[in-house]
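> Could you work out the structure for the sequence below:
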Amino acid sequence: MASNNGAPGAENNAPAINVLAQYAKDLSFENPNAPRSLAPRQTSPQIEINVNVNARKVGDTDFEVELAIQGQAKDGETLIFRVDLSYGGVFRIVNIPEDQLHPVVMIECPRLLFPFARQIVADSVRNGGFPPLMIDPVDFAALYRARAEEAAAAQGNA
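Numbers count the residues shown, from 1 in each chain. Okay, here's the model as predicted:
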């Protein structure tokens with residue numbers, strides 16, 4: 001009897017998502033009003049955070065997924081800080097039916113990347129002299145549905 005020591009055999013048809021690589025593609029932190037922006041303030045700044053997901057096929061079963069996070073803090077019209085991160089990953093996705101592939105790429109892959117991107121943003125803001133910007137968890141399924149509704153509405157108006 002042959003043994004493969006727990007490694008998946010050629011007959012294994014189980015769905016799988018494998019992370020082949022993760023990387024920061026672009027990172028920017030701006031503190032344009034330093035050192036004034038570092039002074040204690042009486043009011044809390046307005047924080048804005050935007051998250052976007054993009055993906056592209058890079059091989060038969062491989063996809064590059066990019067998580068784009070933009071965050072900024074303002075005091076009225078004065079920019080306190082701005083952080084922009086483009087965090088990517090290459091995923092190998094096998095044995096997923098074609099009709100389910102797009103949601104897997106746009107929901108599950110960014111869900112795997114998010115904790116790492118969140119940490120980079122928090123560390124960048126902290127290293128800029130501010131308390132870490134801890135981004136709340138993102139519901140990538142809701143983001144996917146919203147983007148699908150926007151696309152359907154745009155096609156309906158065309």
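
> In the beta-sheet assignment, what are the partners of A73?
When bridges are called by DSSP bridges, A73 pairs up with I47, F81.

> Can I take it that D136 is in a strand?
No - read with DSSP: H, G, I helix; E, B strand; the rest coil, D136 is coil and lies in no strand.

> Contact partners for it?
Not one residue lies near D136 by CB atoms under 8 Å, 6 or more residues apart in numbering. For every residue, glycine as well, the C-beta is placed using N, CA and C.

> For it, give me phi and psi.
phi -60, psi 150 (degrees, to the nearest 10).

> State the distance from it to I49.
According to CB to CB, to the nearest Å, D136 and I49 sit 8 Å apart.

> next one: L113
16 Å.

> So for the two, which sits in the more crowded spot?
Neighbours of L113 and I49, each counted by other CB atoms under 10 Å, are more numerous for L113; the result is 20 against 15.

> For this protein, which segments count as strands?
16-30, 46-57, 62-75, 78-94 (DSSP state E).

> And those strands: which comes nearest Y144?
Closest to Y144 of the strands of the chain, according to CB to CB: strand 46-57, at 7.9 Å.

> remind me which residues of this protein are low pLDDT?
1-11, 158 (pLDDT under 70).

> how does it look with 80?
Applying pLDDT under 80 to the chain flags residues 1-12, 42, 156-158.

> Contact partners for the residue sitting nearest the centre point of it?
In the chain, the residue lying closest to the centroid (CA atoms, centre = their mean) is L67, at 2.9 Å. L67 makes contact with V51, N52, V53, L85, S86, Y87, G88, G89, P110, L113, F114, A117, according to CB under 8 Å, 6+ apart.

> count of residues packed around N18?
N18: 11 neighbours (other CB under 10 Å).

> meant to ask about I96, not that
Neighbour tally, I96, other CB under 10 Å: 17.

> ok, and the closest non-adjacent residue to Q72?
In space, and not counting its chain neighbours, Q72 is closest to R82: 4.3 Å by CB to CB, 6 or more residues apart in numbering.
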